[in-house]
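> Sharing a sequence plus its predicted fold:
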Amino acid sequence: MFLLVPYYTGILSTEEYGVADLLLTTVSILVPIFTLDIQDAVMRFTMDFHYEKKSVLSASLKIIFFGTILLVIFSIAFWSTGILSLKIDLLIFLIILFMETAFLNVCSFFCRAIDKVRTMTISSIVNALVFLGSNILFLSVFKKGLNGYLLSYVIGYAALILYVFFSAKLYKYICIVDDKFKKTIRGMLKFCFPLVFSVLAWSINTALDRYILTWIVGVSASGLFAISYKIPNLLSTFQNVFSQAWSISAIKEFDPDDKDGFMSEMYTMMLFAMSVTCSVIMAFNVTFSKILYSNDFFNAWKYVPPLLFAVVLNAMSMFMGSIYTAVKDSKSLSISTLLGVFINIILNVVLIFLYGTYGAAIATVIGNFVTFFYRKVFLRKHIKLKINAFREFMVYFALTIEMLLGIWGNDYIIIQFTAIILILIILRKEMIKTFGFMKQKIYKVRK
């Protein structure tokens, strides 16, 4: 996906990319609303021996089925009355992508819970290859533009779903309604209902800047801002890989006193990996942008540094979020997210009026920080993490300085590299552990 960015920026206009991004963003917001965020309950309940795996998956698929029907009804009603001013082809794409995304999310969480990680890995490769082939076919051969781009997503998701469903033999976990099924669906809905507001708020928080930019500046600005996320997505990819493994460990290894220091060590290792990677990417931001962004898209480099910092804050928030999920404290998750969203809404409107697209990036950083800070403060009532607060503060301070210097591109590149060295010195223990682990793995492979 990352390597396709130069391809898109050379074929699609900023307006076309902006429309596609808004559609995909809207899908991500609609999924938790019309599925009651059932996906977040799937892994938690599948790993709970009090509930049968068949009942968990079947209950989730049933909710998705009814959610899709509701979305179709609402879409047709709003479209026919003129409230929803969307072309019919884009509306069809919206509904299909909603159904695929919801189904894929549930299957993904379920596979991780039953230890089918290998299946998910191979399925991602299948998805990437099909998506790449579809892009070349519909964008370069048939010249379908925006519709071709969206059709590639539909086909790629379809291939991914089919592979996961049959490879992991998920059809074996589908059952009819019984007493256990009713108990399961009640328990899952009770757990995930408060999370609907949290996930919805989080989705809006990450998508809000696009809508406000479109409203105040225009869809082209939204497309430019969307493409600027492609470099931070490098960092997000690493975060997602770690989070998928960590979310399972947080449930299995949870200890309120953290006697063995496992949780604390994982926190600092996550901080080390995210901050160092973020700092390095910031330093090479302009170089990456010259390679990735063509034509009018090149100006997107200006918004990358704050978005990278926002990803780091988001990663640490999600790390703590997994602990909140392990203790089933969905209330604190919701409050922290809603607070961050409220701040983001206010700042987006104000800062976009004042500073345009750059204001949206700054609002995202501050909104993510508010969520992070709330979760960090109230995490103490669930677990006693042994974290050196001063070291953590210095890491964020170094990233903040580098982010501010990134506004001027490569003018202060020496100071930016100094920030990288400073972070490595602060987190030298974690660096030594990481290199030691890598050396050990390389030795085993060679042996």
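Great, that's in hand. Numbers count the residues shown, from 1 in each chain.
> what's near enough to touch residue 237?
Taking Cβ atoms under 8 Å, 6 or more residues apart in numbering, we find residue 237 in contact with residue 2. Every residue, glycine included, has its C-beta placed from N, CA and C.
> Likewise for residue 322?
243, 246-247, 250-251.
> Would you mind checking which of those residues is nearest to residue 320?
residue 250 (9.5 Å; Cβ to Cβ).
> Is the closest residue to that closest one other than its chain neighbours in a helix, a strand, or coil?
Excluding the flanking residues, the one nearest residue 250 by Cβ to Cβ, 6 or more residues apart in numbering is residue 322, at 3.9 Å. Classification of residue 322 using DSSP: H, G, I helix; E, B strand; the rest coil returns helix.
> Please, where are all the strands along this structure?
In the chain, no strands are defined using DSSP state E.
> Any stretches of it with poor pLDDT?
1, 177-179, 194, 197-199, 201-206, 244, 248, 251 (pLDDT under 70).
> Give me the domain ranges for it.
1-203, 229-447 (automatic domain parsing).
> How many residues are close by residue 70?
Neighbours of residue 70 under the rule other Cβ atoms under 10 Å: 13.
> separation between the nearest residue to it once chain neighbours are set aside and residue 91?
Among residues not flanking residue 70 along the chain, residue 34 sits closest, at 5.7 Å (Cβ to Cβ, 6+ apart). Distance, residue 34 to residue 91, by Cβ to Cβ, to the nearest Å: 15 Å.
> between these two, who's got more neighbours?
residue 34 (20 against 17).
> what about the helices in the stretch 201-350 of the chain?
Per DSSP state H, counting those that start in this stretch, the stretch 201-350 of the chain carries helices over the ranges 219-228, 232-252, 262-283, 285-292, 304-326, 330-355.
> Wait, residue 280 touches residue 420, no?
Yes. Between residue 280 and residue 420 there is a contact at 6.1 Å, judged by Cβ atoms under 8 Å.
> Comparing those two, which shows the higher neighbour count?
Neighbours were counted for residue 280 and for residue 420 using other Cβ under 10 Å; residue 420 has more, 18 against 15.
> and the residue nearest to that one when sequence neighbours are not counted, what does it touch?
Nearest residue to residue 420, sequence neighbours excluded (Cβ to Cβ, 6+ apart): residue 279, at 4.6 Å. Contacts here follow Cβ under 8 Å, 6+ apart; on that basis residue 279 touches 398-399, 402, 416, 419-420, 423.
> do you know how far residue 279 is from residue 411?
17 Å.
> coming back round to it: dump the domains of the chain into CSV; add distance to residue 217 as well.
Below are those laid out as CSV (distance: least, Cβ to Cβ, whole Å):
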stretch, distance to residue 217
domain 1-203, 10
domain 229-447, 6
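> Show me the one of those domains that comes nearest residue 221.
Closest among the domains of the chain, using Cβ to Cβ: domain 229-447, at 5.3 Å.
> Now do that closest one: distance to the chain's middle.
12 Å (Cα atoms, centre = their mean, to the nearest Å).
> start to end distance for it?
41 Å (Cα to Cα, to the nearest Å).
> Stretch 372-392 now?
Span of stretch 372-392 from end to end, Cα to Cα: 13 Å.
> Please apply the same query to stretch 243-263.
Start-to-end, stretch 243-263 (Cα to Cα) is 13 Å.
> Other residues contacting it?
With Cβ under 8 Å, 6+ apart, stretch 243-263 has contacts from 43-44, 47, 112-113, 264, 266, 270, 315, 318-319, 322-323, 325-327, 382-386.
> Next up, the contacts around residue 31.
37, 39, 98, 101-102, 105.
> Relative to residue 389, how far out is it?
On the measure of Cβ to Cβ, residue 31 and residue 389 end up 37 Å apart.
> cool, and residue 188?
Residue 188 is 37 Å from residue 389, by Cβ to Cβ.
> now residue 243
Residue 243 is 23 Å from residue 389, by Cβ to Cβ.
> and the two? which has more neighbours close in?
More neighbours surround residue 243 than the other of residue 243 and residue 389, with 18 against 8 (other Cβ under 10 Å).
> count of residues packed around residue 238?
Counted with other Cβ under 10 Å, residue 238 comes out at 17.
> typo on my end, residue 85
Neighbours of residue 85 (other Cβ under 10 Å): 7.
> same thing with residue 131?
For residue 131, using other Cβ under 10 Å, the count is 19.
> how about the helices in the stretch 51-200 of the chain?
53-80, 88-113, 117-135, 145-167, 179-216.
> Now do the longest one: which elements does it pack against?
Translated: helix 179-216. The contact analysis (3 or more Cβ pairs under 8 Å, 6 or more residues apart in numbering; DSSP states H and E) places helix 179-216 against helix 14-34, helix 39-46, helix 53-80, helix 219-228, helix 330-355, helix 357-378.
> if you skip the residues just before and after it, what's nearest to residue 4?
In space, residue 4 is closest to residue 135, 6.5 Å off (Cβ to Cβ, 6+ apart).
> And the one you found, how close does it get to residue 288?
Counting by Cβ to Cβ, the gap from residue 135 to residue 288 is 21 Å.
> likewise residue 210?
With Cβ to Cβ as the criterion, residue 210 and residue 288 are 22 Å apart.
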